[in-house]
Structure formats: C-alpha cells, structure tokens
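Trainee: give me a 3D structure for the following:
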Amino acid sequence: MEQHTAYSDVLHEDTHGGGTKEVIKVTIILSVLTIVEVFLGFWMIGMEENGFGKHFVKGVIIILMLAKAFYIVGYFMHLKHELKNLIMTIIVPCLLFVWFITAFLFDGNSFRTLRNKYNPVYKQMTTEKAPATEEKKDEKKPGQE
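Mentor: Sure thing, here's the model as predicted:
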C-alpha cells in the first residue's frame, strides 16, 4: 500500500511533466541567440568605425546577451521557478553591483579628463610644437661649403 504525503505529491508534481522538452526548448533558443550574435559580430567587422550602424549592432548584441543571461539564470540556475522574494533578493544586489561598476567607470573617466585638463605639465606637453624634421635644401649646414 502506497502512502501519499504532501512531500511525495510535491516531488511527483515537479518531476512529472516535460522537463526534458523545456530544457531542449531553452537550449535551442540559446543556440539561435548565439548564432545571431556571431553573425552580427562578423557582419560588424566590415562596417565603418564610427558609423551609426556599428553602434546599433553593438546595442543589439548587448540586448541578445542579456536575453541569454535571463534564460541561463532562469532555467539552468532554476531561478524561474522560485518565489518572487527570492528572485528580488538575488537580482537587486546584482543590479546595484552593475550600477556601482558603471558609476566608478564614469567617475574615473571624469577624474582623468579633469586631471589632464588642469595639470600644467600635461598642458605644456600637449601645446608644445614638434621640432621640424625636414631641413630646407637651400640652407647650408655649418662646416659645409
């Protein structure tokens, strides 16, 4: 005689349907996203360096990478099936961490720019004229006749 408890019902409910199909579906989605990213990356090689198209393609690649990160964290790290409070406990610190990195990068760049702008040695180095490398052919050097 089989004994049904709440614990065994939960176990059978989670493992009873299409887990393999879901993993295959997510794997196909991740593969397609990766193939599109690689195609865009190779296509971007031939574009102009400062053109709008290259920046647009880079933005699309970043969005595709974030979508892949969502699928990986959601399915393979099992975060999709968790409670919202646990999800927020993990996501909010990650977003704060990304925000800190971005803020520190902008602050460091601002410090570097201001340091170079007001540093007298840097100003002198950038305003000095380079010595002429070509000599005039008509002028004679001392000691030559």
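Trainee: kindly state the pLDDT recorded for residue 36?
Mentor: For residue 36, the pLDDT comes out at 96.
Trainee: then residue 62?
Mentor: 92.
Trainee: and it, how far is that from residue 25?
Mentor: 24 Å (CB to CB, to the nearest Å). Using the backbone N, CA and C atoms, a C-beta is placed for each residue, glycine as well.
Trainee: so, low pLDDT: which residues of the chain?
Mentor: For the chain, applying pLDDT under 70 flags the ranges 1-18, 118-145.
Trainee: how is it partitioned into domains?
Mentor: 8-81, 83-127 (automatic domain parsing).
Trainee: same list (the ones you listed) but as JSON lines, adding mean neighbour count.
Mentor: Converted to JSON lines, the domains of the chain look like this (neighbours: other CB atoms under 10 Å):
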{"stretch": "domain 8-81", "mean neighbour count": "12"}
{"stretch": "domain 83-127", "mean neighbour count": "10"}
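Trainee: quickly find the element holding residue 38.
Mentor: Using DSSP states H and E, residue 38 sits in helix 19-45.
Trainee: output the helix or strand following that helix in PDB with nothing but the alpha carbons.
Mentor: Following helix 19-45 in sequence order, the next helix or strand is helix 52-71 (DSSP H and E). Extracted as PDB, the C-alpha positions of helix 52-71 are listed here (Å, rounded to 0.1, in the frame of the first residue of the first chain):
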ATOM      1  CA  PHE A  52      25.700  54.600 -36.600                       C
ATOM      2  CA  GLY A  53      25.200  51.100 -37.900                       C
ATOM      3  CA  LYS A  54      28.100  49.700 -35.900                       C
ATOM      4  CA  HIS A  55      26.800  51.200 -32.600                       C
ATOM      5  CA  PHE A  56      23.300  49.900 -33.400                       C
ATOM      6  CA  VAL A  57      24.700  46.400 -34.000                       C
ATOM      7  CA  LYS A  58      26.600  46.500 -30.700                       C
ATOM      8  CA  GLY A  59      23.400  47.500 -28.900                       C
ATOM      9  CA  VAL A  60      21.600  44.600 -30.500                       C
ATOM     10  CA  ILE A  61      24.300  42.200 -29.400                       C
ATOM     11  CA  ILE A  62      24.200  43.500 -25.900                       C
ATOM     12  CA  ILE A  63      20.400  43.000 -25.800                       C
ATOM     13  CA  LEU A  64      20.800  39.500 -27.100                       C
ATOM     14  CA  MET A  65      23.500  38.800 -24.500                       C
ATOM     15  CA  LEU A  66      21.100  40.000 -21.700                       C
ATOM     16  CA  ALA A  67      18.400  37.700 -23.100                       C
ATOM     17  CA  LYS A  68      20.700  34.800 -23.000                       C
ATOM     18  CA  ALA A  69      21.700  35.700 -19.400                       C
ATOM     19  CA  PHE A  70      18.000  35.700 -18.500                       C
ATOM     20  CA  TYR A  71      17.400  32.200 -19.900                       C
END
